[in-house]
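Student: how would this look folded up:
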Amino acid sequence: KLWLAHGVTTVREMGSMNGLGWMLDQKRRSAANTIAAPRLLAYAYFPAVNDMLKTVHTPDEGRAWLRRLKERGADGVKFFGAPPAIMEAALDECRQLGLRAGCHHAQMAVTRMNALTTAKWGLTSAEHYYGLPEALFEDRIVQHFPLDYDYNDEYFRFSVSGQMFRQGAEPGSAKWNEVMEKFLELGFTFVPTFTIYDANRDLMRARQADWHKTYTWKSMWNYFTPQRGGHGSYWYRWSTTNEVEWKENYRRWMAFINEYKNRGGRVCTGSDSGFIYSIFGFGYVRELELLQEAGFHPLEVLRSATSQGAALCGIENELGTLEVGKLADVLVHDHNPLTDFKLLYGTGAMRFVDATNSVEWHRGLKYTIKDGVIYATIHNATVAIDALTGKQIWRVAHEYPPETLRVVCCGIVNRGAAIYEGKIIFVSNLSLGDLDQAVLSRSLYVDVSMTPAEKIERIKTISPAIHPEVPKSMKDESVELLAKFQD
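Tutor: Residues are numbered from 1 along each chain as shown. Below you'll find the model as predicted:
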């Protein structure tokens, strides 16, 4: 739901650990619009690495496993690596079966097969950055890890991995260009997911993000908090030095990705949320910001998130651009997100309003339309509406505690405007002071053919409904303020 609420209408789910059966069920439910979810592409985890579930031990076993996967209806495969012979055979089988493949190259296996090696074998895309610095090595084969390095200690794992690009070729060097050109020749795709390691550059910023208090589930927050055994919860002694090293890692990483895009390579957006203080939807919008930081023009960022992503998934004839004959995935905005991607956050972007001398939070995305279905929120429900007929498909009510009206500022309201049969219909309320003091509600229409003077007179005829417990002096003041507001 958080993905959909942030305008994400299609998700390439890379190896959900709930299993392929569960993913295919969710995919069917999403397609039938019986759940509020993006369109789902199910990629299954290839079980051939030692530190996770491993049931594939030979190339033939890998090929057989992939054939069964194809028969079950999977859209692709998520690799973490495998012994080279198994990996090469598996990628060959994926090609024959028409299964697309993405890989998070296991950090302990990239000396045997880096990202360029697997790209040559037929890998569709690489997620994160693992295997790319190693492809850029000039004076070493194995990463120069500390001699007391312990991969099972996640502080070691993630602090040291922030040093890898610095061990590779310099930007613009002969080796740098050679590797770049080979990836371009192969038509390879990078999905950098800058967002998932963003906390490594500034842990305090990531921990204090505006959305955590409202949107981050408590058990997920507890998982993010430093703990032994929790993947991505490695902040045991995270330091300024660690952050400085990661900032340099990002500088080189971003330089490669931006140059790859400039030279015609495909770069797509992804998030890998659910770890490292990154949550769904919000982490994806953060990725848009980070691509801009890398040097992408905002229009290039949206290109990566739309047409390029569709091409990576092999669905560019159905999605990714607004064209006659394609599926109707459309986002309706109140503000232009190109001016500031923060407007796409569910919490909005902070703005100071001179007229009221106050801070407001402006959110750009108003409606998400997927497959011709409009997903809209009102104060007490989420509603799915058929865009062609206007009929409601389903409605899910939001329940509020009985005391809500006494503890929230400004009431549970939904303000907006609509056009119907030549009339503009407004529904809003104006709250003055605390909720228990005064609430003025008004509902009116203004005919679009009216002159400005007629419109003002129409507004002045609206009589406010005043809370019965409000003192007469407050009522008089409220009516006077409302009249000024209406003018």
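Student: The closest residue to residue 310 other than its chain neighbours and residue 152, how far apart?
Tutor: Nearest residue to residue 310 in three dimensions, chain neighbours excluded: residue 320, at 2.8 Å (C-beta to C-beta, 6 or more residues apart in numbering). Yep, even glycine has a C-beta here, placed from its N, CA and C like the rest. Residue 320 sits at a distance of 41 Å from residue 152 (criterion: C-beta to C-beta, to the nearest Å).
Student: Counting neighbours around each, name which of those two comes out higher.
Tutor: residue 320 (22 against 8; other C-beta atoms under 10 Å).
Student: now that one, what's its secondary structure?
Tutor: Taking DSSP: H, G, I helix; E, B strand; the rest coil as the rule, one finds residue 320 in the coil state.
Student: sorry, back to before: next, the residue nearest to residue 310: phi, psi?
Tutor: Backbone geometry at residue 320, expressed as degrees, to the nearest 10, gives phi 100, psi -20.
Student: need the contact list for it.
Tutor: 306, 307, 308, 309, 310, 311, 326 (C-beta atoms under 8 Å, 6 or more residues apart in numbering).
Student: repeat for residue 351
Tutor: By C-beta under 8 Å, 6+ apart, residue 351 lies in contact with 359, 360, 361, 362.
Student: Filter those down to the buried ones.
Tutor: With neighbours counted using 16 or more other C-beta atoms under 10 Å, these contain no buried positions.
Student: which one of those residues sits closest to residue 5?
Tutor: Comparing the contacts of residue 351 against residue 5 with C-beta to C-beta places residue 361 closest, at 15.0 Å.
Student: doesn't the closest one fall inside a helix?
Tutor: No: counting by three-state DSSP, residue 361 is not found in a helix; it is strand.
Student: Could you verify my assumption that it touches residue 345?
Tutor: No: between residue 361 and residue 345 there is no contact under C-beta atoms under 8 Å: 9.0 Å.
Student: Low-confidence bits of the stretch 1-150 of the chain, can you list those?
Tutor: Applying pLDDT under 70 to the stretch 1-150 of the chain flags no residue at all.
Student: Could I get the full set of helices for it?
Tutor: Taking DSSP state H, counting those that start in this stretch to define them, one finds helices in the stretch 1-150 of the chain at 2-5, 20-31, 59-72, 84-97, 115-121, 132-135.
Student: would you turn those helices into CSV with mean neighbour count and distance to residue 270?
Tutor: Putting those into CSV (neighbours: other C-beta atoms under 10 Å; distance: least, C-beta to C-beta, whole Å) gives the following:
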stretch, mean neighbour count, distance to residue 270
helix 2-5, 19, 12
helix 20-31, 16, 17
helix 59-72, 16, 21
helix 84-97, 19, 19
helix 115-121, 21, 15
helix 132-135, 25, 15
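Student: Next, format the contacts of residue 351 as TSV and append pLDDT.
Tutor: Formatted as TSV, the contacts of residue 351 follow (pLDDT from 0 to 100):
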residue	pLDDT
359	93
360	91
361	91
362	92
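Student: For residue 210, state which of the residues you listed is nearest.
Tutor: residue 361 (8.5 Å).
Student: Please identify the helix or strand for the spatially most central residue of the chain.
Tutor: Most central in the chain under C-alpha atoms, centre = their mean is residue 284, positioned 2.1 Å from the mean C-alpha point. For residue 284, the element it lies in under DSSP states H and E is helix 282-294.
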